[in-house]
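J.: quick one: sequence plus predicted model below, questions after.
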Amino acid sequence: MNKQLPTVLAIDTSCDETAAAVTHGTEVLSNIIWSQAAAHADFGGVMPSLAQRLHRERIDWVIERAVKLGGVKIDMVAVTKGPGLAIALEVGIAKAKGVANKLGVPLVPINHVEAHLLSPLATPKLKEKGLKSNSSPQIQYPALGLVVSGGHTELFLIEKIGKYQVLAKTQDDALGEALDKAARMLGLGYPGGAILEKMAEKGDPSKFKLPLPMAGREDLRLFSYSGLKTAFYRLIEEQKDLDKQTIYDLAACFQRRAFEHLIRVIRKTINEVPFDSILVGGGVVANKSLRKILRRSFKKVWFPYSPKLIGDNAAMIGVAAGLKLGGGLLIADLKPEEVDRKPRWSVEDL
């Protein structure tokens, strides 16, 4: 370990995962996630009040588990300040303040989207891999960063750690949200994106025709899925019988168009931007088809090393803190009481 870098206890309660982790620099020593997905399934989406209650019930357990597995002394606490659900964020922040005060260590606020952006730079615990040394991917800046999740679809220019420019952003629904809603239209349950992917694997992506979002207008640098969702709803209504194969084919057609739109906007944008690599983070990265398309479309694409770093998690919060601390970008003596939630915190405002 680099003794000059502090060991960080990281906490994330931005939405419906209660998470805590221990990190050192980019090394993930522990990463505990308690998912609330099953509790929200009957509602077809996240219920904020329920998320808050479940966070309060589980936060102590995930922190205790993370610290125990981390097995090291905590020098600093990092917590998600935003963006996210306000009443969910406040649970993690309140607990982080309490832990920081109890331990007498600094508390640093981290942007959730920035953490997703930097998640491909995380590295596994050395002893788990039997390695003598471990380092993040060697990235040359400027680089591109893509965040694709339920709430965000954004393309960034990463000039360096801590300095980002939004190149393209969501106009309406994020990609993950669109996939979830398409799955709901097909009666596939919640969360639907992962189920839609499984159905799409068995389908014919050319069976039905769906419009390509923003065709000919990619230079606006906007990701838009509302029109595609409307067309998909009408297509489903036109079907006389939604047998299994028809559902498979519909899922495949929607997923294909959704990803094609993403790639077209990225390609149009990067024609005018110098970059070396693309860092990709966010929950939709779990989709194998999307990863294949991105690898096929671009030369140097980096994803998180573990599935537990793809969805919402606390390890990426700790890694972001470690990277920013290493670059002298965080205030090490920030007082816990000075940290407050910021539900709409943009990366551009860092």
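T.: Looks like it arrived, so ask away.
J.: host element of Lys169?
T.: Secondary structure here is read from DSSP states H and E; on that basis Lys169 sits in strand 163-170.
J.: other SSEs contacting that strand?
T.: Secondary-structure packing of strand 163-170 (3 or more C-beta pairs under 8 Å, 6 or more residues apart in numbering; DSSP states H and E): strand 153-160, strand 222-223, helix 244-270. (Glycine included, C-beta is placed from N, CA and C.)
J.: what about Leu279, distance to Leu157?
T.: Spatial separation of Leu279 from Leu157 under the definition C-beta to C-beta, to the nearest Å is 11 Å.
J.: what of Val79?
T.: Going from Val79 to Leu157 by C-beta to C-beta gives 27 Å.
J.: out of these two, which sits in the busier spot?
T.: Neighbours around Val79 and Leu157, counted as other C-beta atoms under 10 Å, are more numerous at Val79. The numbers are 30 against 19.
J.: and that one, that one's in a helix?
T.: No: counting by DSSP: H, G, I helix; E, B strand; the rest coil, Val79 is located in no helix; its state is strand.
J.: name the element the residue nearest to it when sequence neighbours are not counted belongs to?
T.: Counting by C-beta to C-beta, 6 or more residues apart in numbering, Val79 lies nearest to Ala96, which is 3.7 Å off, once chain neighbours are set aside. Applying DSSP H and E as the criterion places Ala96 in helix 86-103.
J.: give the pairing partners of the helix or strand that that helix is followed by; include direction for each.
T.: Secondary structure here is assigned by DSSP H and E; on that basis, the next helix or strand after helix 86-103 toward the C-terminus is strand 107-111. Pairing partners of strand 107-111, with direction, according to DSSP bridges: strand 76-82 (parallel).
J.: so which of the helices and strands packed on strand 163-170 comes closest to Phe208?
T.: Among the helices and strands packed on strand 163-170, the nearest to Phe208 by C-beta to C-beta is helix 244-270 (4.6 Å).
J.: which residue lies farthest from the center of the chain?
T.: Lys240 (37.6 Å; C-alpha atoms, centre = their mean).
J.: which strand or helix spans that one?
T.: Under the criterion of DSSP H and E, Lys240 resides outside all helices and strands.
J.: got the contact list for it?
T.: If a contact means C-beta atoms under 8 Å, 6 or more residues apart in numbering, then Lys240 has no contacts.
J.: so after the lowest-mean-pLDDT helix or strand in the chain, what's the next helix or strand?
T.: Among the secondary structure pieces of the chain, namely its helices and strands, helix 126-129 has the lowest mean (mean pLDDT, DSSP states H and E), a mean of 59. Beyond helix 126-129 in the direction of the C-terminus, DSSP H and E gives the next helix or strand as strand 143-148.
J.: what packs against that following strand?
T.: If contacts are counted by 3+ C-beta pairs under 8 Å, 6+ apart, strand 143-148 sits against helix 112-118, strand 153-160, helix 244-270, strand 278-281.
J.: pick the most deeply packed of the ones you listed.
T.: helix 112-118 (a mean of 28; mean count of other C-beta atoms under 10 Å).
J.: tell me the strands beside the next helix-or-strand element following that one, with direction?
T.: Sequence-wise, the next helix or strand downstream of helix 112-118 (DSSP H and E) is strand 123-124. Under the criterion DSSP bridges, strand 123-124 sits next to strand 27-35 (parallel) in its sheet.
J.: contacts for the partner strand, please.
T.: With C-beta under 8 Å, 6+ apart as the criterion, strand 27-35 contacts 1, 7, 16-23, 58, 61-62, 65-72, 122-126, 134, 306, 308-309, 311-315, 318-319.
J.: what's the end-to-end length of stretch 273-280?
T.: 17 Å (C-alpha to C-alpha, to the nearest Å).
J.: circling back to that earlier point, contacting residues around the residue nearest to Val79?
T.: Applying C-beta under 8 Å, 6+ apart, one finds that Ala96 lies in contact with Ile11, Val77, Ala78, Val79, Leu107, Pro336, Val339.
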